[in-house]
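A.B. asks: Structure for the following, please:
(4 chains)
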Protein chains: 2
Amino acid sequence: MRNGPVPDIVVRRLPLYLRTLRQLQREGHRTISSEELAQLLGVTAAQIRRDLSYFGRFGKQGYGYAVAALIHELEVILHLDRLWNVALVGYGKLGQAIAHYGEFEPNGFRITAIFAKSPEHIGQIVNGIVVLPETEIDRVVREQGIRIGIIAVPPDAAQEVADKLVAGGVRAILNYAPTVLHVPPGITVREIDPISALQSMTFYLHDRHDASGNGQDEQSFADIMERSPVGKRPAAH
Amino acid sequence: MRNGPVPDIVVRRLPLYLRTLRQLQREGHRTISSEELAQLLGVTAAQIRRDLSYFGRFGKQGYGYAVAALIHELEVILHLDRLWNVALVGYGKLGQAIAHYGEFEPNGFRITAIFAKSPEHIGQIVNGIVVLPETEIDRVVREQGIRIGIIAVPPDAAQEVADKLVAGGVRAILNYAPTVLHVPPGITVREIDPISALQSMTFYLHDRHDASGNGQDEQSFADIMERSPVGKRPAAH
DNA sequence: TGGTGTGAATACTTTCACAGCC
DNA sequence: GGCTGTGAAAGTATTCACACCA
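C.D. replies: Predicted coordinates:
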């Protein structure tokens, strides 16, 4: 068991382990080896063992990990053994989609406050809560003790919103705005940025202005059949 | 200028540089130093210089980088000097939100094919295109020469969809489904996973079952400093 | 026997620091 | 003087490989 701070890159992998373990549990698995889990996740078994070793010794030699027990350990480590209230700021198209996204609630997160700037949105009732003006962020976040904020406003408003959330006590921000947020130390930010994701993938695509045609050639049958786990490092082109 | 393959982690940062440079250009900047750009991005100047050095020598000593020229270089590197057609699979709530997200088109991506499974969605006309059944993926993707796919289907259907996209010629997949996709070598996958992002941030939050109260900070300065290796964190302001 | 946990080795990434050029 | 591009150093992360244990 390692001491010292846990690398953030390890922390970011834990939810993926948890997700896969829950899936295994639903399928009736009682136990799993690091090798089997690694196959499912497309990573190495050593990485899984090393990652888990930062937090304890959860496995049994010659046996593997007890699925239910490991799920519970991960939930405790990630503080997912409770429901987290979340503030959503921005109620345009994107904010509305987030507000109605059904996966937050079953995964430990409940949006309990929504803020908008536009008068047409303020006062609307969504999932039983009233959309409030952004001027109320500080007060409401503080009163509800909210620690997590989601930003879904235009990029030029995002920093101001982040400042208000932090002022109200938020310490974790999920940022859908295409802007780099500057926050004080101790505040965690994660970006959701599909545009950047797409723009980084096109690096690996050949630049074909001829976008028509049958597209058959470039992918061999052998390539298709030889499926491998998702690599972080796509093959050179 | 480095030779050999460019690290994927470098490629993933280029869109952020591009985004910030475009912003600077809109604000009228003609030139920028690595130090100024680094401040805006919350990274080090050395990292920016190193990253760019994989592709060429774009700066001028004692001067910095010409904004317009560097934008153009990055667009060429990332193959963004063209419009990419994209196939969207899944037209539930999430797929609909993606289909109507206004940021793809101005950033080089146009959804030109949409596929759904449910009969209630098939045949709908969205942005002038007809929603087709998923059985048509291979044929349509091939005919249009589409190289990029977006997956927005339930997790248990995602792998099957990925296989069909790849069979049709897709080589880059933006995956919104909470599943690890297994794809052949040479295919790039990026995940959009807000749940995992949230679940990794709660690691850094104290576990307070008492979610009410005034939200005043109960975390010590020492705790904040100790827990601070939090991923990609822009500098304090 | 089968599979963990972990030192040691390797691989990768970032940062330092400065020669060299505008 | 100011700032890039880049060797070299430092810092991180991953993988190997095996002692050890159920």
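A.B. asks: Chain A: strands as residue ranges?
C.D. replies: Ranges of strands in chain A, per DSSP state E, are A:31-32, A:59-60, A:64-66, A:84-89, A:109-116, A:125-126, A:129-133, A:148-151, A:172-175, A:188-191, A:228-229.
A.B. asks: between these, which one is nearest to residue B:42?
C.D. replies: Counting by C-beta to C-beta, residue B:42 lies closest to strand A:188-191 out of these; the figure is 9.4 Å. For the C-beta atoms, the positions are set from N, CA and C on the backbone; glycine is no exception.
A.B. asks: Give me the mean pLDDT for the closest one.
C.D. replies: On average, the pLDDT along strand A:188-191 is 98.
A.B. asks: try stretch A:13-26
C.D. replies: Averaged across stretch A:13-26, pLDDT comes to 98.
A.B. asks: same deal with stretch A:80-93?
C.D. replies: Taken as a whole, stretch A:80-93 carries a mean pLDDT of 98.
A.B. asks: rewinding a little: so which of the strands of chain A is the most packed in?
C.D. replies: Of all these, strand A:148-151 has the most neighbours on average by mean count of other C-beta atoms under 10 Å in any protein chain shown, namely a mean of 27.
A.B. asks: Domains in chain A, by residue range?
C.D. replies: Using automatic domain parsing, the domain ranges for chain A come out as A:8-77, A:84-196.
A.B. asks: and those domains, which is most packed in?
C.D. replies: Of all the domains of chain A, domain A:84-196 has the most neighbours on average by mean count of other C-beta under 10 Å, namely a mean of 19.
A.B. asks: and it, anywhere near DNA strand D?
C.D. replies: No: against DNA strand D, domain A:84-196 shows no contacts by C-beta under 7 Å from any atom of the strand, the least distance being 14.7 Å.
A.B. asks: same deal with stretch A:8-25?
C.D. replies: Yes: Stretch A:8-25 comes into contact with DNA strand D (C-beta under 7 Å from any atom of the strand), by way of A:8-10.
A.B. asks: Could you pick out which of these are located in helices?
C.D. replies: Assigned to helices by DSSP state H, the following of the residues of stretch A:8-25 next to DNA strand D qualify: A:8-10.
A.B. asks: gap between the two ends of stretch A:103-122?
C.D. replies: One end of stretch A:103-122 to the other measures 24 Å (C-alpha to C-alpha, to the nearest Å).
A.B. asks: Over to stretch A:55-64?
C.D. replies: Start and end residues of stretch A:55-64 are separated by 16 Å (C-alpha to C-alpha).
A.B. asks: For it, give the mean pLDDT please.
C.D. replies: If you average the pLDDT over stretch A:55-64, you get 97.
A.B. asks: does chain B sit close to it?
C.D. replies: No: interface with chain B: stretch A:55-64 contributes nothing (C-beta under 8 Å from any C-beta of the partner chain), its closest point being 10.2 Å away.
A.B. asks: Go ahead and name everything in contact with that stretch.
C.D. replies: By C-beta atoms under 8 Å, 6 or more residues apart in numbering or on different chains, the residues outside stretch A:55-64 that reach it are A:1, A:6, A:31-34, A:36, A:49, A:52, A:65-66, A:69-70, A:73, A:77.
A.B. asks: mind running it again at 10 Å?
C.D. replies: Around stretch A:55-64, the neighbours that count as contacts under C-beta atoms under 10 Å, 6 or more residues apart in numbering or on different chains are A:1-2, A:6, A:10, A:14, A:29-37, A:48-49, A:52-53, A:65-66, A:69-70, A:72-74, A:76-77.
A.B. asks: ok, now stretch A:132-142?
C.D. replies: By C-beta under 10 Å, 6+ apart, stretch A:132-142 touches A:85, A:87, A:89-91, A:112-119, A:121-123, A:143, A:146-149, A:153, A:157, A:160-161, A:163-170, B:213-216.
A.B. asks: Other residues contacting stretch A:96-104?
C.D. replies: With C-beta under 10 Å, 6+ apart as the test, stretch A:96-104 has contacts from A:84, A:86, A:88, A:90-91, A:109-111, A:114, A:116, A:121, A:124, A:126-127, A:129, A:131, A:150-152, A:174, A:176, A:192, B:92-94, B:96-98, B:100-101, B:178, B:193-195, B:198.
A.B. asks: Appreciated, that's everything.
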